[in-house]
Each structure stands twice: as structure tokens, then as C-alpha cells.
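Asker: what follows is a predicted structure for the sequence shown.
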Amino acid sequence: MSEALNAEIASTYGCLDTLSVLDGDASHAHVLRELARSTNRLLEQPSPVLNVVFDSSTDSSEIRAGSAAGYLGAYDWRPVIPGPLLVPKKANHGFLDFKIIADITNQETCTFQIATTKTQFDAEGDTSKPGVIEAEGSGSWSVYDVEGVPAGDGEIETLGVFIRGSGTGVTASAATFGSPATGSGDFFINTLTGELQVDSATWNTRGSGNPTYADSGKHVILITSYTTGALLLPPCRVSAVTHLVNATTDIMRFTPPPRHGASGLGVHLENLGASPTMTFTISTLTEFRIANICGYSRAGGM
Amino acid sequence: MSFDGLKYKSASYTLPTYYHPGAPFQSQAVANCLQNSYFAGQQNARLVLQAVFPSPVGLPYANQEDLVIQSTALVLIAKGHAFIPENITHLCASINFAAMSVDGGEVDHKLKITNASAATLSTTQTDDIPAAGASRPPANTYSALGYPPGLANQNFADLQPSSTSSVSIELEKSGTPSITLGNLCTIEVYGHAYFFQTYLALNAAEFYRPHFVSVWTETRAEQ
């Protein structure tokens, strides 16, 4: 009897014609079976849920306007598209399958995560959970699959598509952006205000006509132990090296890392060059670029 | 089971146990097939159009203003063609957007359909500009997906407060279509943010920035 409890699904729709249901003819099991197989197919067929395309040209002027490109730190989850996405879905489909076409720095990783009403966002990014994958870059367009994400039973589903980056470990070029890119001299960092001040730094500033550490968004400040090299703060993304305050070249502004607790206090660290305890380094993040995210719903899971 | 024309909320595969030659009650198979067919025709929303706008993820702060719309009147933000079959009752749109104003103000979204005979229908939805400060909308909307509100706010530090609006057009009422369907239609979505200055009877343009537009059809049964 187990066979009788497994749904049969037609490989093509429309096996029945009018000869099967002639007026006056008695119905029979074959007609019922084909009818069932065909309507089962209606329920079974995947339907498109999401299909978004971004500018994938390599023209450097377009790269900013219409592309989904960027750099993110290893703690830095971000929505690829701001706001939860409302998308249509077959109501009886309980799973979503996605394919993401992305170009990630060779041998570096990004983590993709797709949240639904039934698959909550996981801040840890545990890849054993559905909807979370770690994508290793190839330096060219590659396809990454996020399969079997459980979805709700409605005909409208709410999605969030998130990405988390990583660091490459490459120190930025002081020759290009200004000196120094690393050092253990006198410096002060304040994560409450988002400022790093380094004694005698000659960083390029915005408006000077030279590229700054903030232009691309791919640079982060790492504060590490002078002796052990251990990371003391989350990587802090450089947001501006401004032309303000009489063209000061020794102050760099960054996006403060998330603060924990209600007090909202930041961290204030001062390193003395005469007896250093810390090193600052302006490091480079992994680059990602997304060409397409498409998703289809699939039967099951209800 | 009675088939009363209402919308069917559930469907299940018709199993061989209902229709094998020895089954005692084969009408169950017919009923189940009918329900599944109605369900497939009614319950499933159909994708019509999705548009995505430049994301701030990889953009430096200096360029953010380039992506903002400031207009006293509605601006066309998404346009496309779609074949809308007959008996579809609603055309729905959801718009993720950011908006900012020092005066308060409102956001308008308009959804418009034009059929092959140039007949049109449209609906305009007005919402308040999302509150600034604690950036409530991202926190609330994302928490439904488990995205931590604190993190949402942190990561939206470079964005105006954002929110989601929904607007729909009733294409058919009581079985009578309001517009002739079954042809290739043009779908348009408009948006802008403004503050109405009562003393001047004029709109002042505020910052508005679309992120994502999703348009789909639904067939709703009248209760």
C-alpha cells in the first residue's frame, strides 16, 4: 500500500483529451489517475520568486551606479538590497532555492544568507543552517547555490538577502594613499566618535586630487597587540579622510563598530611610540560583486 | 466538500489511494483534483516585475546624494510590460524606500496599469515619512526576519530612515472587470516624498530613494 501513498506527478501536462471524457461514457480509473497526475503537476511546478539583475559590466564609471559591489568585514552583515523584500510564491511551496552569480576575490570568502519568515536571520552565520553558505571566490563570475531555504505557507513571502565579507590580510599602499599605512608610533583611536589620529601622518585628503583610503570603501583599520598581534578591536571601515580643519592629514574617520550594551560607550585607546603596546594597520577587505540573485519556490516542507 | 467559489487556502497531492481501481470512494479523487486546480489558479501570486536600485553597500558616503530623488510631483521609478490574464483581481506592488524630511511629510506611491487599448487604472497610496532618530522602520521590519535591530541600525548608518509601502489596484470586482485584461499591459510605479506647505498650498520636495520594487498579481475571492 505504500505505493498508494506516494503522489504521482505527470511529466507533462495535458495527457487527457476529450476522448477520455466522452458524453455518456463511464469514467474509469485511468482518467482519474491522469487527472490526478496533471493537477499534482500544477502544485509541483516551481515558480519564480525573485530575479534581480545588477550591472555586471567592468566599466569603472558604471561600477558605482548600478552594481552590487562592495567590501565588508568579517563581522559586518549587510543586506544586499535594503529592506525586506516582498515576493510572490506558490502558497503550497515550503522551500526556496536560490542561485547567486557573484565575483569574489580569488581564494577569499564571503558568506551569503537568505532569511525568510520561517528561516530567521542568524548573526553567527552558521553554515550548517539552511539559507547560509560560505562562498569561496574564484576571481571571476561564479554561481553559488543556496538551496532548500524553508519558507512560510503564504502566497507572499518576506525575504532578506544578506552578505558578510572577510579581510584579505593585505596592507594598503602607503605610496598610493599616503603614509603611514601601518605603525606603532603615537596614535589615538576613539570608537565612540569614529576617529583615528596618527602623529605626523600625511594621508591624502578628499579634495586634494589624490586617492584617499576612504574612496573605495575597501579599507579597514586593524588595531592589534604590539607583542602578540592579536586583534583588539573589530575591523573599523575607513569612511572619510576629509579636507576639513585646515587640511589636516593625520585624522581618519571610520564607521564605529557595533556597540554592545545600553551604555553605548566606545573604546578609547592611546598608543605611545616610546613604549608601544599596539599597532595600527590599514588593511584591505575582500571585494564582492553580484550580477544576479534568482530564486524559485519548490514543493514540500509544509 | 463544497466548491463555493471562495478562495482555497490549501492544496494537497491527489494520492493513488483515492483512485486506484479498488478504491471504494473515487469521487474523493475528483474533489481533490478540483480543489488543486482551483487552488493553482487562484491562490498563487504571479511575479510581474521586480526592479532593484543602486545599493549603498559599496558606495562611499560622498556619493549618497546622487541616488536621491527630490521632486514635488510623482516620479516614474519602474516601468515594464506584463501579460495580465483575465480573472486576475488585483495588481499589487511593494516598494522598499528611504525618505527623509526635516518637516515630517508624506510619501506617495502610485501604481498604474495601461492595457493594450490604452485604458488605464491607478491607485495612489500615501504614507508618513518614516521616523528618523532611532531609525524605527529598519529595526521593526528586519526583526521579523530575525535581523538584530541594533545591527540593522548600525548598518543603515549611511541611509535615511527606510520603510516599505504597499499599493494595489482592484482589477475586477464582483466578477466584473474594471479594465479589459488578457493582453499585454504596461505597468508603472511612481514615487516621491514631499511636505505639503498649507500656507502656500504647495508641495516642498523631500529626500526620497527607492531600493526595491516588486509587482505581482493576485486573484482574491470575495468573501
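Answerer: Alright, I've got the coordinates.

Asker: switch to C-alpha atoms for all contacts and neighbour counts from now on
Answerer: OK.

Asker: residues in the stretch 201-302 of chain A within reach of chain B, list them.
Answerer: A:214, A:215, A:216, A:217, A:239, A:258 (Cα under 8 Å from any Cα of the partner chain).

Asker: just those: which are in helices?
Answerer: Among these, DSSP state H puts none in helices.

Asker: buried residues in the longest helix along chain A, which are they?
Answerer: In chain A, taking DSSP H as the definition, the longest helix is helix A:29-44. For helix A:29-44, burial by neighbour count (16 or more other Cα atoms under 10 Å in any protein chain shown) applies to A:29, A:31-44.

Asker: how close does residue A:166 sit to residue A:222?
Answerer: Counting by Cα to Cα, to the nearest Å, the gap from residue A:166 to residue A:222 is 13 Å.

Asker: same thing with residue A:11?
Answerer: From residue A:11 to residue A:222 the distance is 57 Å (Cα to Cα).

Asker: which of the two has more residues huddled nearby?
Answerer: A count of neighbours by other Cα atoms under 10 Å in any protein chain shown puts residue A:222 above the other of residue A:11 and residue A:222, at 22 against 10.

Asker: show me the strands in chain B, by range?
Answerer: Remark: strands assigned in chain B by DSSP state E are B:46-52, B:69-70, B:75-84, B:90-100, B:106-114, B:120-128, B:162-170, B:172-173, B:176-177, B:183-197, B:202-218.

Asker: name the residues that touch the fifth one?
Answerer: Right, strand B:106-114. B:74, B:93, B:99, B:120-129, B:165, B:167-169, B:185-195 (Cα atoms under 8 Å, 6 or more residues apart in numbering or on different chains).

Asker: SS state for the residue in chain A that chain B sits nearest to?
Answerer: As assessed by Cα to the nearest Cα, chain B sits closest to residue A:70 within chain A, at 3.7 Å. Put simply, residue A:70 is strand when judged by DSSP: H, G, I helix; E, B strand; the rest coil.

Asker: what is the burial count for it?
Answerer: 25.

Asker: equivalent analysis for the one 10 residues further on, please.
Answerer: Using other Cα under 10 Å, residue A:80 is surrounded by 22 other residues.

Asker: measure it to residue A:274 for me?
Answerer: 45 Å.

Asker: same deal with residue B:47?
Answerer: 65 Å.

Asker: have a look at these two and say which one is more surrounded.
Answerer: Between residue B:47 and residue A:274, counted using other Cα under 10 Å, residue B:47 has the larger neighbour count: 21 against 9.

Asker: so who does residue 119 touch?
Answerer: By default, I'm working from chain A. Contacts of residue A:119 by Cα under 8 Å, 6+ apart are A:130, A:131, A:149, A:150, A:151, B:145.

Asker: my question was about chain B, not that one.
Answerer: With Cα under 8 Å, 6+ apart, residue B:119 has these contacts: B:179, B:180.

Asker: what of residue B:82?
Answerer: Residue B:82 neighbours (Cα under 8 Å, 6+ apart): B:48, B:49, B:184, B:185, B:186, B:187.

Asker: residues in the stretch 51-200 of chain A within reach of chain B, list them.
Answerer: A:51-54, A:64-71, A:77-78, A:80-92, A:115-117, A:119-123, A:155-156, A:158-160.
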